[in-house]
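Asker: Turn this into a structure:
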Amino acid sequence: MPTTYVYVYLEEGPVPAGLLETTGAGRETTSRFRYGRLYLQRKERLAVDPVQLPLPEADPDRDYLTPEGFVLFNGIRDAAPDGWGRHLMDRAAGAQALSEFDYLIATGDARVGSLAFGPDLSGPRRVVPWREEELDGEDLDLAGMLNAVRELDTADDLPRKHRRFLARGSSLGGARPKATTELDGRQWIAKFGRADDRFPICRAEYATMTLAKQVGINIPNVRVEKILGQDIYLIERFDRIPDGKEYKRLPFISGLTIIGAHESESPLQSYRRLAEQLRLFGSNPIKDAQELWRRMVFNILCNNNDDHLRNHGFLWDGKGWRLSPGYDIVPFPQVGLERDLAIGVGRDGRRATLHNALSDVASFGLSLGEAMPIVRSMQEEVKAAWEGLFKTNGFTVAEIERIRTCFIACDEPIRNDNGDPC
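Answerer: Sure, this is the predicted structure:
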């Protein structure tokens, strides 16, 4: 029975929070978790997962079982890699098939949030189910990471000289090539373009995140570096805070976790549901719900239709969960005039219109009278600024025209709840 201790980084460092056990194979895998008694006695303890693994009040020896269809608990799954990280691990493992548990325990130290894992109580330790050689040498710089990405895309197996990249790149979620790096005394996530990108994706994300910040969305520091003639997009990590020579790790959970939804259920969920969960688990739910609504409006204005529940995050502030800074906001060019976001917007489901965004503002603590000026202001600002920002970031005339299809909501007439123009 595969088991691992689950650690949480607190002020004093990593402390064991409980034991995770898995049974079965493939989709039939289930998990069991029990909190440690000493952990439950800590004043600063927090739930590994507020929905599926709430701190037990009446029975400290309670065993938690994953709901039907779940291999891992959501809060623990958040600490495991997604597409890109799994791709790296699969390359390292060769013909050996990896399980969800394997991906979890083999993830590097740069994983998101404050969880860590280890086979015993001696402390967190990465465990790989494949044979791995010790590799000497310094960590890869941005140029080395870029070369690794290029070679990983074409090589039949994981080149030995780039295996150090496994620990740096396999820790993170998302489907695109990425890795952690350190610049100016802070940790950043570096995201790399690929040869088959249909437009300059790194500069597009940088421009859109810059635009989001201009209209008042809470965004981390972002930058673009040109390395070996190729763009690398960098976003500062908001779950790592410099603390002397080390970094303080902030607990993080995804939108899936705060709702308690299965990955397959993401399209059935909504911004309203996230706001409702903030009222249950958040320490400043009104402010965060209104920020969440503004992000929804911005996603409509730039056609960021990859706003699924893993692209919404929450950080623990010691009292409750707060909406994290925005991330992974990228425009997606499309030909059709009808647009949908990845999760529900308003009374018209996932339909990406400003009218739909205004249809249920009360769920976010806003009145229609408060919301209308916000939408109008954001629409005007985005319409006035987006093209200049993309030109400044090197987009050609043809690329600008392709991106223009993302911003058609900037010309949508703003109507009230009765459908009347305002």
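Asker: The closest residue in space to residue 64 that isn't next to it in sequence: what's it in contact with?
Answerer: Leaving out its chain neighbours, the residue that sits closest to residue 64 by Cβ to Cβ, 6 or more residues apart in numbering is residue 33, at 4.7 Å. Placement of C-beta: from N, CA and C, glycine included. The contact partners of residue 33, by Cβ atoms under 8 Å, 6 or more residues apart in numbering, come to 6, 18, 19, 20, 21, 48, 53, 63, 64, 73, 76.
Asker: Run me through the strand neighbours of whichever strand or helix holds residue 33, direction for each.
Answerer: For residue 33, the host element (DSSP states H and E) is strand 30-35. In the sheet, strand 30-35 lines up against strand 13-23 (antiparallel), strand 64-65 (antiparallel) (DSSP bridges).
Asker: Output those strands as JSON lines; include the columns mean pLDDT.
Answerer: JSON lines is the format used below for the strands paired with strand 30-35 (pLDDT from 0 to 100):
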{"stretch": "strand 13-23", "mean pLDDT": "97"}
{"stretch": "strand 64-65", "mean pLDDT": "98"}
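Asker: ranking those by burial, who's on top?
Answerer: Most buried of the strands paired with strand 30-35, by mean neighbour count (mean count of other Cβ atoms under 10 Å): strand 13-23, with a mean of 18.
Asker: how about the CA coordinates for that one, as CSV?
Answerer: Only the C-alpha atoms of strand 13-23 are listed here, as CSV (Å, rounded to 0.1, in the frame of the first residue of the first chain):
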residue,chain,number,x,y,z
GLY,A,13,9.7,24.8,8.8
PRO,A,14,8.1,21.6,7.6
VAL,A,15,6.0,19.7,10.1
PRO,A,16,4.2,16.4,9.5
ALA,A,17,0.4,17.0,9.2
GLY,A,18,-0.7,13.5,8.5
LEU,A,19,-0.4,10.2,6.6
LEU,A,20,-1.7,9.6,3.1
GLU,A,21,-2.3,6.0,1.9
THR,A,22,-3.5,4.9,-1.5
THR,A,23,-5.0,1.6,-2.6
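Asker: Out of the strands paired with strand 30-35, which is closest to residue 1?
Answerer: Nearest to residue 1 among these is strand 13-23; the distance by Cβ to Cβ comes to 5.5 Å.
Asker: Run the chain-centre distance for that closest one.
Answerer: 23 Å (Cα atoms, centre = their mean, to the nearest Å).
Asker: and what of stretch 1-16?
Answerer: For stretch 1-16, the distance to the chain centre is 22 Å (Cα atoms, centre = their mean).
Asker: got it, and stretch 222-241?
Answerer: Offset of stretch 222-241 from its chain centre (Cα atoms, centre = their mean): 16 Å.
Asker: Pull out the buried residues from that stretch.
Answerer: For stretch 222-241, the neighbour count (16 or more other Cβ atoms under 10 Å) marks 222, 224-225, 227, 230-240 as buried.
Asker: now do the same end-to-end measure for that stretch.
Answerer: End-to-end distance of stretch 222-241 (Cα to Cα, to the nearest Å): 16 Å.
Asker: same thing with stretch 320-330?
Answerer: Distance between the two ends of stretch 320-330: 29 Å, counting by Cα to Cα.
Asker: swap in stretch 233-253?
Answerer: Using Cα to Cα, the end-to-end distance of stretch 233-253 comes to 23 Å.
Asker: Also stretch 43-62?
Answerer: 19 Å.
Asker: same check, this time on stretch 101-110
Answerer: End to end - Cα to Cα - stretch 101-110 spans 18 Å.
Asker: Tell me how far it lies from the chain's centre.
Answerer: On the basis of Cα atoms, centre = their mean, stretch 101-110 sits 17 Å off its chain's mean C-alpha point.
Asker: What of stretch 214-229?
Answerer: Centre to centre, stretch against its chain (Cα atoms, centre = their mean), the figure for stretch 214-229 is 16 Å.
Asker: Outline the domain layout of the chain.
Answerer: Under the assignment automatic domain parsing, the domains of the chain span 3-117, 142-236, 250-411.
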